[in-house]
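[1] sequence plus the predicted model coming up.
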Amino acid sequence: MDKNEKLIKRAMWFNRLSFVQIFRETMIMLFPVVLIGTIVWIISDNLLASNGFLANVFYIQQWLPERQFFKTLFNDATMITVGLLASYAAFVSAIMTTRRYRRENLIAGVCAMISYVLIFYHSVRGSQTLETRYFGAGWLIIGSLIGYVIGLIFVKWGYHFTLSDIRLGSRKLMARVLRNLKPFTISFSGAFILHTLYAVWRTFNLDAITTQNISSLIGRHSNYFLNITLSFFNTLLVWLGFAEPVNITNDAYSNEVRNNLIYALTHKSFAVPYPFTPSSLYNGFANFGGIGVTLALVIGILWVGRQNNQQEIAKLSVFPAIFNHGLPILFGSRVFLNPVYVFPFILLPIANMLIASVFIFIHAIPPIVYPVPNGTPGILIPFIGTGGDWRALLISILLVIMDIIIYIPFIKLAFAVEERLVKEQEEFQNEDK
């Protein structure tokens, strides 16, 4: 048995796990929401934002006086799509779980969504607010897990309830609903307990203290080890299903960024005091196409993809990836919790940072010191951030090419695993008939 065959068998074993299967199916079902939501997001934060890359390219502010009005509309659409993705994941995951165990139940999905919203809806600080940070893609895995658990509860104590049951008539329909009251109550009670625990956590400001401590840790003077550590944990968390990465912005290192900019402007030199800030090194070289260098993944799939759906997903993901939004390809290719992609997804950004830092250290390219517009294509960030240095652009292009070449063997391996899983599922369905 060769090495690839061993890797395929191990990946197939992992993908056969019940929750992993449900999670993969949930990603497939939510792909249209993610794709449309991401495009709307780009329009809102890039085309219609005053500091957006596309807004500056097309001079939006000069010929669209009602820009802010349209931006608000697109912000709303973004919130309703990717902004509530975790709650949608709870709904889909619960239904897919009951379907997997041949007890399909729509009420389980409704219960899962209600439970998820209940857990994170609080008014313990004097105002009834819905903290949207818990509902976006960043909490995808949590929403899916809650839906999975509630689905199992309905499998054990519920009674199947499908769309076809709606035609049974009001009396039989109500009978089906009543038979699902027990699992609904159990699930809601569990969600209420979690709601209470989190309310206590917030009452004592433990969430604020935790956030403050993390911000204090990150907000210290940056160092090389911190750059690598942030990149590693950022991509690892995304691979685990916390699909929205921590945004490493200039605000966290405003003093260093400002000092670098002042030095570059006054000395006409790039021997800046802080050449390796996470906001510049990470965003400049480790984020081509989004977290995990997804631009290379998209191009790699377009290059070696053999099936129409693989090519179609990659084509649909090109536009978002150009502007550093990798969610569509991460959902469409099921990268989350995919053991085949874990190494390139996590290590390639680190490799890019290491290589770029060497070139900066030996003064082959200058460090990124100038601010870049929001949504600037990742491959152009070093070029713009260095004031138009062509060497930085060349290094970016070479890094992307390297990333594509490294991604391709893993893409082929992922396709082989996918084909085996599909074939296995088809054989199981044929036997079931």
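    Okay, I see it. Numbering: from 1, shown residues only.

[2] distance of the residue nearest to Ser93 when sequence neighbours are not counted relative to Trp139?
    Once flanking residues are discounted, Ser93 sits nearest to Gly147: 2.9 Å by CB to CB, 6 or more residues apart in numbering. C-beta: built from backbone N, CA, C; applies to glycine. Here Gly147 is placed at a distance of 12 Å from Trp139 (CB to CB, to the nearest Å).

[3] give me the more crowded residue out of these two.
    Gly147 (32 against 24; other CB atoms under 10 Å).

[4] so where does that one fall, helix or strand?
    In the assignment (DSSP states H and E), Gly147 maps to helix 140-157.

[5] what's that helix packed up against?
    helix 18-42, helix 85-100, helix 106-120, helix 181-203 (3 or more CB pairs under 8 Å, 6 or more residues apart in numbering; DSSP states H and E).

[6] ok, the closest residue to Leu152 other than its chain neighbours - contacts?
    Of all residues not flanking Leu152 in the chain, Thr97 sits nearest, at 6.1 Å (CB to CB, 6+ apart). Thr97 makes contact with Ile22, Ala108, Gly147, Tyr148, Ile150, Gly151, Leu152, Phe154, Val155, according to CB atoms under 8 Å, 6 or more residues apart in numbering.

[7] thought Ala356 was touching Phe285?
    Yes. Between Ala356 and Phe285 there is a contact under CB atoms under 8 Å: 4.0 Å.

[8] which residues do those two both contact?
    With CB under 8 Å, 6+ apart, Ala356 and Phe285 have common neighbours Pro382, Ile395, Leu399.

[9] need the residues you listed in TSV (columns: secondary structure and neighbour count).
    As requested, the shared contacts of Ala356 and Phe285 are exported to TSV (DSSP: H, G, I helix; E, B strand; the rest coil; neighbours: other CB atoms under 10 Å):
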residue	secondary structure	neighbour count
Pro382	helix	30
Ile395	helix	22
Leu399	helix	25
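
[10] of those, just say which sits nearest to Pro344.
    The closest of the shared contacts of Ala356 and Phe285 to Pro344 turns out to be Leu399 (CB to CB; 13.4 Å).

[11] I'd guessed the closest one sits against Asn287; true?
    No. Applying CB under 8 Å as the test, Leu399 and Asn287 come out as separate, 11.2 Å apart.

[12] re the thing from before, looking at the helices and strands packed on helix 140-157, which is closest to Arg10?
    helix 18-42 (12.8 Å).

[13] which residues touch the closest one?
    Counting by CB under 8 Å, 6+ apart, 14-15, 54, 74, 77-78, 81-83, 85, 88-89, 92-93, 96-97, 100, 137, 141, 144-145, 147-148, 151, 241, 313, 316-317, 319-320, 323, 325, 327-328, 331-332, 334, 336-337, 375 sit against helix 18-42.

[14] quick one: Met27 from Val422, how far?
    15 Å.

[15] these two: which has the busier surroundings?
    Comparing Met27 with Val422 by other CB under 10 Å, the one with more neighbours is Met27, at 25 against 11.

[16] what's the distance between that one and Leu226?
    For Met27 relative to Leu226 (CB to CB), the value is 32 Å.

[17] check Met96 too.
    40 Å.

[18] who has more neighbours, the two?
    Shown here are Met96 and Leu226; by other CB under 10 Å, Met96 has more neighbours (24 against 16).

[19] torsion angles phi and psi at the nearest residue to Arg179 once chain neighbours are set aside?
    Closest residue to Arg179 apart from its sequence neighbours, by CB to CB, 6+ apart: Tyr159 at 3.9 Å. Tyr159 adopts backbone torsions of phi -130, psi 130, taken as degrees, to the nearest 10.

[20] Tyr159 against Val177, yeah?
    No. Counting by CB under 8 Å, Tyr159 stays clear of Val177, with 9.2 Å between them.

[21] neighbour-wise, which one of the contacts of Thr97 leads?
    Neighbour max across the contacts of Thr97 (other CB under 10 Å) = Ile150, 34 neighbours.

[22] what's the spacing between Phe74 and Ile39?
    10 Å.

[23] still on that earlier bit, CSV for the helices and strands packed on helix 140-157, including distance to Gln62 and mean pLDDT?
    Below are those laid out as CSV (distance: least, CB to CB, whole Å; pLDDT from 0 to 100):
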stretch, distance to Gln62, mean pLDDT
helix 18-42, 20, 96
helix 85-100, 35, 97
helix 106-120, 41, 95
helix 181-203, 45, 91
